[in-house]
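>>> Below is the sequence, then the predicted model.
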Amino acid sequence: MKILQTFRAEDVATVYLGVTSSGREVEFVESRQPPFSREDKHVLVISCMVGCPVGCSMCDAGTFFGGNLSVQDALEQVDWMVAEHYPRGDVTTSKLKVQFTKMGEPALNAAVLEVLEALATRPYAHKLWPSISTVAPARREPFFERLLAVKERHFVGRFQLQFSLHDTDERRRQELIPTRLWSFAQIAAYGRRFLSPGDRKITLNFALASLDALEPAALAASFDPEHFLVKLTPLNPTYRAQETGLSHPQDEVRAEGPELGRLVLELRQRGFEVIVAIGAPIENEIGSNCGQFVRRHLGLSAPPLPEGYTRVARAAAP
Ligand code: SF4
């Protein structure tokens, strides 16, 4: 791994722009998750693709696709950050979270499963909490079946699975995420099977521009609070969101005001655990947040693509 540029928001996050040994340009992030210190919980966020073919309406990484990263490309990101922060080889944090959420849709790259298998052999594997966030693309059942098996084999009680829903109206959700998707019924059925005793509940993530996108009754009609919890985040201020008219989240989402409080209360009354995750503003300034693509933040064009790949402005509609 060769690091091209580093962007640091001290004590919150560092974004790395690097080139792997195979010549793929990647973005990855190390951060802490306030209020936890890095000794309690250290978060490594890696890419599994160069760009992304899905083309979500709020994501800068989805404006081009340069192909899947290999197992080696993905592991180099983890290994580089581990070596940087634990130079003596002793991973001292209590919990090392590895999230596949920087660039790319994990379910569209089967190498992610091999990366998980490889991480399970690392000396610090007992401290490892992998986290997969997916939009649940259709026709990826073999990936999800193998993911369940990998979790059962290595990470029971230490795996975080997140489905990005963004809207409780499936038609509007489909417009935000322009690829064929699992229905809510399919996600709910998979979630029931995925969880073993001791496992963390599966997260249903909503990156909200408006509170209208989440209707608690509709959510409860599809998802069982025994298996799923809800995470609310304000939509990050990506360039893509501005271009597609999603723009900045309304103040009611960002400011944790009374409207957001009422929504959280209603979800809790329906039995859902709710996490409200509002990042530090400095994370937007360095582009470390989900959906942000540092090269674009810098006004640079997308990285060079290997032969056979072309840029896409947006994935084909289903
Ligand atoms: S949000 Fe995820 S699935 Fe959508 S374009 Fe971005 S990286 Fe791809």
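Received it, and whenever you're ready, just let me know what you need. Model, not experiment: these values are computed from the prediction. Numbering: from 1, shown residues only.
>>> So which residues on the stretch 51-200 of the chain come close to the ligand?
Applying CB under 6 Å from any ligand atom, we find that the stretch 51-200 of the chain lies next to the ligand at 52, 54-56, 59, 61-62, 103-105, 135. In this view, the C-beta of every residue, glycine as well, is placed from N, C-alpha and C.
>>> Just to be sure, which of those residues are found in helices?
Using DSSP state H, the subset of these located in helices is empty.
>>> Could you save these as CSV and add columns showing pLDDT and neighbour count?
Below are those laid out as CSV (pLDDT from 0 to 100; neighbours: other CB atoms under 10 Å):
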residue, pLDDT, neighbour count
52, 92, 28
54, 93, 23
55, 91, 23
56, 91, 27
59, 87, 28
61, 84, 29
62, 83, 29
103, 90, 27
104, 94, 28
105, 96, 28
135, 96, 23
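>>> of all the residues you listed, which two lie farthest apart?
103 and 135 (13.7 Å; CB to CB).
>>> could I get the residues of the stretch 51-200 of the chain next to the ligand as CSV with distance to residue 81?
As requested, those are exported to CSV (distance: CB to CB, whole Å):
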residue, distance to residue 81
52, 21
54, 25
55, 28
56, 26
59, 23
61, 19
62, 24
103, 15
104, 17
105, 22
135, 25
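>>> Closest one of those residues to residue 82?
For these, the nearest to residue 82 is residue 103 (19.7 Å; CB to CB).
>>> and that closest one, what is it in contact with?
26-27, 47-52, 61, 293 (CB atoms under 8 Å, 6 or more residues apart in numbering).
>>> Can you go through the residues you listed and name the buried ones?
26-27, 47-52, 61, 293 (16 or more other CB atoms under 10 Å).
>>> Farthest pair within these?
Checking those with CB to CB, the most distant pair is 48 and 293, at 14.2 Å.
>>> in the stretch 201-318 of the chain, which spans are strands?
Counting by DSSP state E, counting those that start in this stretch, the stretch 201-318 of the chain has strands at residues 202-208, 228-234, 274-276.
>>> again, but for the stretch 51-200 of the chain
Going by DSSP E, counting those that start in this stretch, the stretch 51-200 of the chain shows strands at 65-68, 96-100, 128-134, 160-164.
>>> Tell me which of the ones you listed is the most buried.
Each of the strands of the stretch 51-200 of the chain was scored by mean neighbour count; the highest is strand 96-100, a mean of 23, by mean count of other CB atoms under 10 Å.
>>> For that strand, which strands pair with it and how are they oriented?
In the sheet, strand 96-100 lines up against strand 42-45 (parallel), strand 128-134 (parallel) (DSSP bridges).
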